[in-house]
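Visitor: Take a look and give me a structure for this.
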Amino acid sequence: MSEQEPPESAYPQYDFAPVSNSEGEPHKTQSKLGIASFIIGLVSLILIVVAIFVSTSFIMDHIKLDGNSDTLRTDLEDQLKDANDVMPIIVAGLMMLLSFGSSLVGLILGIVGACAKDKKKTFPVIGIILNALLPVGLVCLFVLGVALNGSS
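Guide: Prediction:
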């Protein structure tokens with residue numbers, strides 16, 4: 001039994017030709033470096049927020065708000081004699097350093113991802129913005145501190 005060709009009316013004819021990727025602009029894919037930069041930016045921002053929360057809660061637990069700053073140092077030395085007593089602030093400091101370092105790595109990955117040809121630029125640009133928040137914020141705080149110290 002041989003197969004017969006279906007009549008031409010079974011396949012409607014269209015007046016347009018399908019677009020192929022071989023002609024014109026190539027199909028752009030997401031930049032993997034940009035996605036990595038975006039994820040690192042989110043993680044570093046979450047990490048810095050957690051570190052600020054840990055350090056602030058530690059400081060608020062150990063400082064009395066009586067307005068007497070003369071006895072503050074001696075009171076803290078009496079309370080915090082062991083390394084285990086200051087472990088939360090050490091961990092918060094290490095988390096801040098880790099967040100800053102990962103933010104710089106994410107910034108570099110975002111810039112490299114944005115420079116890649118034939119890749120979409122959405123994630124690299126968002127990654128650059130997220131990762132630039134921490135170093136730019138640190139520089140702004142440094143400049144603000146120098147300006148306030150110079151004025152007093």
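Visitor: and residue 117, which of the three is it?
Guide: What DSSP: H, G, I helix; E, B strand; the rest coil gives for residue 117 is coil.
Visitor: Which residue ranges of this structure form strands?
Guide: Along the chain, counting by DSSP state E, strands occupy 29-30, 119-120.
Visitor: Give the burial count for residue 48, as a bare number.
Guide: Residues within reach of residue 48, counting by other C-beta atoms under 10 Å, total 22. From N, CA and C alone the C-beta is placed, and that goes for glycine too.
Visitor: My read is that it contacts residue 96, right?
Guide: Yes - Residue 48 is within contact range of residue 96, at 6.3 Å (criterion: C-beta atoms under 8 Å).
Visitor: what residue ranges in this structure score low on pLDDT?
Guide: The model of the chain has pLDDT under 70 over residues 1-26, 64-80, 82-83, 151-152.
Visitor: pretty sure residue 138 is touching residue 100, no?
Guide: Yes - using C-beta under 8 Å, residue 138 is in contact with residue 100, at 6.9 Å.
Visitor: Would you confirm that residue 30 contacts residue 121?
Guide: No - here residue 30 lies out of contact with residue 121, judged by C-beta under 8 Å, at a distance of 9.6 Å.
Visitor: Could you report the neighbour count for the nearest residue to residue 96 once chain neighbours are set aside?
Guide: Leaving out its chain neighbours, the residue that sits closest to residue 96 by C-beta to C-beta, 6 or more residues apart in numbering is residue 51, at 4.7 Å. For residue 51, the count of nearby residues is 20 (other C-beta under 10 Å).
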